[in-house]
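Peer 1: Generate coordinates for the sequence data below:
(2 chains)
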Amino acid sequence: MSYTSYGEFMRILRVRFHEVMGDTAKLLGVSVPFVSSVESGKKNVPVEWIPKLINHYKLNEREQKELSAAVEESKNQMKINLYSASPAQRRLAVSFQRSFENLDADTAEAIMKLLKKERS
Amino acid sequence: MDYETKSTNRIELRLLAKLFRSMCGFTMDQPIDPVLLLDRLPELENFNNARYEVVYDSELPTNVPAQCNINEDGYLIQIKESVYMGAFEKKIGGHRMHIMHEIMHIFADKVGFKPIFSRRLTNEIHSFRSLEWIVMALAGEVMMPYEATLKMSVKRIMKIYGVSKSAAEKRRKY
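Peer 2: Below is the predicted model:
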């Protein structure tokens, strides 16, 4: 069993600063079980936590980037804003959502390649 | 819930407690804060698949302060919020010991104290073959090192090592 990237990032920070999860909860103004559920990936990292963590641990630029990457990697839910999406984009989003759970690694890789091609 | 495991004795458990202290980089007499140790677990040799979570009290049965789940993916310690807060904020000896107890479940498993039978045993098991007893004794030996506490009073053991009166009394007795 391992922590999420964010959970691991926080664990290492706490060890370095001689803190415990209870200190993190106090810093963020939430309960310890809530902090714990975020670190184990059951809940997304609330965005308002990030500046608090950066200030408290005085994270340098590299560490801030690592934190952002860890937060992204640990997300278990993502939102797609369909407000100004075209009908084709809407259909794609719905279809992707329906198929996501059964997506195998090869298909995921193929879609990633297509999207990369689209961006370049 | 208890399981029968390979037999042991106090002397072996005292040696294992020393081994654990040395794995953690602690001296043989310094007090240990189990709450602080939780985040350090994955850095100990062979503990990289150990993690913990603090859960709302309602998520565990009433009579379970904390538990350690062991499966092929590794080890997961779950601690009730009230137990964690008691150990973290109020430094309650009994709550600190509950946490050390769960950490010792991992250590005991690592050093070979595995259930002999996969099913739960309901009959009473002799102490030295009872996994729960072994883990409890290990937790006591790690929290209150035998040699360091030999000449200490119950009150002093409680003060120095942050344990409950009943734990300190047991240390004096054994």
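Peer 1: which parts of the lengthiest helix in chain B are buried?
Peer 2: With secondary structure taken from DSSP state H, chain B has its longest helix at helix B:93-110. Across helix B:93-110, burial judged by 16 or more other CB atoms under 10 Å in any protein chain shown covers B:93, B:95-110. All C-beta atoms are positioned from the backbone trio N, CA, C, and that covers glycine.
Peer 1: And for stretch B:77-86, what's in contact with it?
Peer 2: Stretch B:77-86 has contacts (CB atoms under 8 Å, 6 or more residues apart in numbering or on different chains) with A:21-22, A:31-33, B:35, B:38, B:50-57, B:59-60, B:64-69, B:92, B:94-95, B:98-99, B:102-103, B:105-106.
Peer 1: Can you tell me which of those residues are classed as buried?
Peer 2: A:21-22, A:32-33, B:35, B:38, B:50-55, B:60, B:65-68, B:92, B:95, B:98-99, B:102-103, B:105-106.
Peer 1: Which stretches in chain B count as strands?
Peer 2: For chain B, the strands defined by DSSP state E cover B:50-55, B:66-71, B:74-80.
Peer 1: What angle do strand B:66-71 and the first one make with each other?
Peer 2: It refers to strand B:50-55. With axes from the mean of the first three to the mean of the last three CA atoms, to 10 degrees defining the directions, strand B:50-55 sits at 140 degrees from strand B:66-71.
Peer 1: for the longest one, same thing?
Peer 2: Orientation check (the same axes, to 10 degrees): strand B:74-80 against strand B:66-71 gives 160 degrees.
Peer 1: Could you measure from the residue nearest to the spatial centre of chain B over to residue A:25?
Peer 2: The residue lying closest to the centre of chain B (CA atoms, centre = their mean) is residue B:101, at 2.2 Å. Here the criterion is CB to CB, to the nearest Å. By it, residue B:101 lies 23 Å from residue A:25.
Peer 1: Could you do residue B:51 as well?
Peer 2: Counting by CB to CB, the separation of residue B:51 from residue A:25 is 17 Å.
Peer 1: same thing with residue B:137?
Peer 2: Using CB to CB, we find residue B:137 at a distance of 32 Å from residue A:25.
Peer 1: Kindly state the pLDDT recorded for residue 112?
Peer 2: Went with chain A since none was named. We have a pLDDT of 87 for residue A:112.
Peer 1: was after chain B, sorry
Peer 2: Per-residue pLDDT puts residue B:112 at 91.
Peer 1: Now the closest residue to it other than its chain neighbours, what are its backbone angles?
Peer 2: Excluding the flanking residues, the one nearest residue B:112 by CB to CB, 6 or more residues apart in numbering or on different chains is residue B:6, at 6.7 Å. Backbone torsions for residue B:6, taken as degrees, to the nearest 10, come to phi -60, psi 150.
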